[in-house]
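Peer 1: Prediction below, plus the sequence it came from.
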Amino acid sequence: LLDRLFGDDELGHYARPRAVVRRIYWAISRPFLRGQTLLDVIVVIASDPNHADELRDKDMLVIEGKPTDDITLRKAGVERAHALMVMLGSDSEALLTVLTARSYNAKLYITAANVEEELTDKMMRVGANAVITPFDVAGQFLNNATLRPAVSDFFNSIMFSQIVGYETTQLYLYPGSTWIGSRIGKLNLRERFSAGIIGLRHVDNSYMYAPNDDYPLHADEVLIAVAPAHFIEALNDASLEGVPPHRAVVEWSHPHTRNVFEYTPKHTYSILEADSVIQKMSQHYVICGTDRVARNAINKLNPERPFVIISDDNQFTSEQIKRGFRVIHGNPTHEEVLRRAGVDRALAIMVSIDDKADTVLTVLTCRSLSDRLLITATASSDDMVRKLHRAGADRVASPFHIAAQFVLLATTRPAVSDYFQYVLFNYHAELETTELYMQTDSPWIGESIESLQLERLFRAGVIGVRLADGTYRYAPPGDHVLQPHEVMIVVTPMVYSDELREAAHGGITKRPTTLRKLSVSSGTSPL
């Protein structure tokens, strides 16, 4: 159901996201293409004949028709399907499609995308198992890319990247699996498959991050594993040893929680007070824009942290002042406004503005003020991606491109998707994934991960390490010795995050300049 998400491709709308989605479809399809039944392949419903022909040219199975029609859905085999992705340009049509599909298959796992966030609950009530809101996930993505670039690169490299060569998979421990009762370390997954376990879902649907090698496995648990793409099928087969061939299909239960930061400010800053305070700030973060992505991103931020918001909307400015943020009111395309926000002293800036020209001009001006500044930006169309990179942006994201990736992930690998949402920055569970820099003043350099006793002291688990050359080591073993300029990717309760960073950095945090540019495309290292 991809044809109406991006608009008419003959007009050039989102050509790159279309190509990415097709590549993801093929990546998902390959392990299942054994030529047996309709259930072994992906079926795409396309209402545009030209788009349908284009997909057929790629050897994809296509049904022409409207996804809201009963006949079309039945032709696509919805009554026998395991999962359905609904991504349409109209929320009302998406709602009707979900309702119709649910009426034909009570066990169908349905993931839907809707533009208006207030329709999420309605979409769930009519039958969707998971709902993705483009502007909401884009806000989360940009927050992560701006505040935690190494964490962002880490997760992108194992979930969405077609370049790095590593993938994240979910391994169901069905009754009968020979893995049940074994300890993770005894399975020798690193030696056999170059694989590591970064998480685990218990029978009660709760998640465990960074389980250690001594953890004993139980029936009906789900392992979140990272491995080279060419080992994924063998890894899955190994987990199924001893399982009867006609096992029951798992009915996935998706934990639906709203991840919005609720906060009563201890202090609010007037415009004049904010100006004075900001002049003394450095190594802070600037959020520039009032569009829907920016608003969703800001909704998930703690005003007590070193954030500065630039807004040219009177009502939005007033709202953020009441929430306790430091706000500069003015046009972000003006250099004087950016200087008042301390962009020349800031660590990073997020630019999310509706107007294309204003976005490019703001990025250009920011880059002229600082060569070391990390700049993230949103692109409202495909052609904007290249322009923003040329203007100086380090990371550029399209809200609908991101939503398409997340819908595919939530449908095909729901345990991976839920784990990602659980550990990344979860106010409901009070967890976050943070990055710890092994700069020259870090007392942890030369120490092994296990010797730091992070689980005992901070309830923290290491799920990855960014090596000095920019590649990643996933689920590193406890005997990994930390080296200068490495970055640890650590999951920890929020209550411990500041103390953990202080212990790791041994002084003022100095983010490596290599994080300014995306570097995971160069490859990765063995586990």
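Peer 2: Arrived safely, thanks for sending.

Peer 1: Would you mind listing the buried residues in stretch 277-294?
Peer 2: Neighbour-count burial for stretch 277-294, counted by 16 or more other Cβ atoms under 10 Å, picks out 278, 281, 284-294. In short, each C-beta sits where N, CA and C put it, glycine included.

Peer 1: mind saving the C-alpha coords of that stretch as CSV?
Peer 2: The C-alpha trace of stretch 277-294 is given here as CSV (Å, rounded to 0.1, in the frame of the first residue of the first chain):
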residue,chain,number,x,y,z
VAL,A,277,21.0,33.5,30.3
ILE,A,278,21.8,32.3,26.7
GLN,A,279,24.7,34.7,26.4
LYS,A,280,26.5,32.7,29.2
MET,A,281,25.7,29.3,27.6
SER,A,282,28.0,27.1,25.5
GLN,A,283,28.0,23.5,24.3
HIS,A,284,24.1,23.7,24.2
TYR,A,285,21.5,22.6,21.7
VAL,A,286,19.4,24.9,19.5
ILE,A,287,16.0,23.9,18.1
CYS,A,288,14.9,26.1,15.2
GLY,A,289,11.4,26.0,13.8
THR,A,290,7.7,25.8,14.6
ASP,A,291,6.5,23.2,12.1
ARG,A,292,4.9,19.9,13.1
VAL,A,293,8.2,18.0,13.3
ALA,A,294,9.8,20.7,15.5
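
Peer 1: just how off-centre is that stretch within its chain?
Peer 2: In terms of Cα atoms, centre = their mean, to the nearest Å, the centre of stretch 277-294 is set 22 Å apart from its chain centre.

Peer 1: Likewise for stretch 223-234?
Peer 2: Centroid separation between stretch 223-234 and its chain, computed with Cα atoms, centre = their mean, is 19 Å.

Peer 1: which one of the buried residues of stretch 277-294 is nearest residue 390?
Peer 2: residue 288 (18.7 Å; Cβ to Cβ).

Peer 1: wait, the closest one sits on residue 346?
Peer 2: No. Using Cβ atoms under 8 Å, residue 288 is not in contact with residue 346; the gap is 10.5 Å.

Peer 1: Can you list the low-confidence ranges for the stretch 201-350 of the chain?
Peer 2: Judged by pLDDT under 70, the stretch 201-350 of the chain has its weakly predicted residues at 247-263.

Peer 1: The chain now?
Peer 2: Along the chain, segments meeting pLDDT under 70 span 1-41, 162, 247-263, 425, 507-514, 517-527.

Peer 1: try 80
Peer 2: Across the chain, the ranges flagged by pLDDT under 80 are 1-41, 160-164, 246-265, 425-429, 506-527.

Peer 1: Now the residue lying farthest from the centre of the chain: which helix or strand?
Peer 2: The outermost residue of the chain relative to its centre, with distances by Cα atoms, centre = their mean, is residue 272 at 36.8 Å. Using DSSP states H and E, residue 272 falls within helix 271-278.

Peer 1: what packs against that helix?
Peer 2: Packed against helix 271-278 by the contact rule (3 or more Cβ pairs under 8 Å, 6 or more residues apart in numbering; DSSP states H and E) you find helix 314-323, strand 326-329.

Peer 1: and these, which is most packed in?
Peer 2: Mean neighbours per residue, mean count of other Cβ atoms under 10 Å, is largest over those for strand 326-329, with a mean of 24.

Peer 1: Can you list the strands that that one pairs with?
Peer 2: strand 307-311 (parallel) (DSSP bridges).

Peer 1: got the contact list for the strand it pairs with?
Peer 2: 274, 278, 281, 284-290, 298, 301, 317, 320, 325-330, 332, 337-338, 341-342, 346 (Cβ atoms under 8 Å, 6 or more residues apart in numbering).

Peer 1: Report the distance from that strand to the chain centre.
Peer 2: Computed by Cα atoms, centre = their mean, the chain-centroid distance of strand 307-311 equals 24 Å.

Peer 1: tilt between it and helix 271-278?
Peer 2: Angle, strand 307-311 to helix 271-278, by axes from the mean of the first three to the mean of the last three Cα atoms, to 10 degrees: 140 degrees.

Peer 1: how big is the angle separating strand 307-311 from helix 314-323?
Peer 2: Between the axes of strand 307-311 and helix 314-323, defined by the same axes, to 10 degrees, the angle is 160 degrees.

Peer 1: about what we covered before: distance to residue 355 and secondary structure for the buried residues of stretch 277-294 - can I get that in CSV?
Peer 2: Formatted as CSV, those follow (distance: Cβ to Cβ, whole Å; DSSP: H, G, I helix; E, B strand; the rest coil):
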residue, distance to residue 355, secondary structure
278, 25, helix
281, 27, coil
284, 25, coil
285, 22, strand
286, 18, strand
287, 17, strand
288, 12, strand
289, 10, coil
290, 11, coil
291, 9, coil
292, 14, helix
293, 13, helix
294, 13, helix
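
Peer 1: farthest pair in the residues you listed?
Peer 2: For those, the farthest-apart pair by Cβ to Cβ is 281 and 292; their separation is 27.0 Å.

Peer 1: With adjacent residues omitted, what lies nearest to residue 102?
Peer 2: Closest residue to residue 102 apart from its sequence neighbours, by Cβ to Cβ, 6 or more residues apart in numbering: residue 127 at 3.0 Å.

Peer 1: actually residue 345, not the one I typed
Peer 2: Residue 345's closest residue in space is residue 282 (Cβ to Cβ, 6+ apart), at 4.1 Å.

Peer 1: again with residue 94
Peer 2: With Cβ to Cβ, 6+ apart as the criterion, residue 94 has its nearest non-adjacent residue at 4.6 Å, and that residue is residue 88.

Peer 1: So the one you found is in contact with residue 95, correct?
Peer 2: No. Counting by Cβ under 8 Å, residue 88 does not reach residue 95; the two are 9.4 Å apart.

Peer 1: before we move on, back to that, give me the contacts around the helix holding residue 272.
Peer 2: When contacts are defined by Cβ under 8 Å, 6+ apart, helix 271-278 is touched by residues 269, 284, 308, 317, 321, 326-329, 340-342.

Peer 1: Which of the residues you listed sits closest to residue 452?
Peer 2: residue 284 (28.6 Å).

Peer 1: Now for the closest residue to the closest one other than its chain neighbours, how many residues are close by?
Peer 2: By the measure of Cβ to Cβ, 6+ apart, the closest residue to residue 284 outside its immediate chain neighbours is residue 306, 3.9 Å from it. By other Cβ atoms under 10 Å, 15 other residues sit near residue 306.

Peer 1: how near is residue 306 to residue 281?
Peer 2: Plainly put, residue 306 is 6 Å away from residue 281 if you go by Cβ to Cβ, to the nearest Å.

Peer 1: same check, this time on residue 213
Peer 2: 44 Å.

Peer 1: now residue 428
Peer 2: Residue 428 is 30 Å from residue 281, by Cβ to Cβ.
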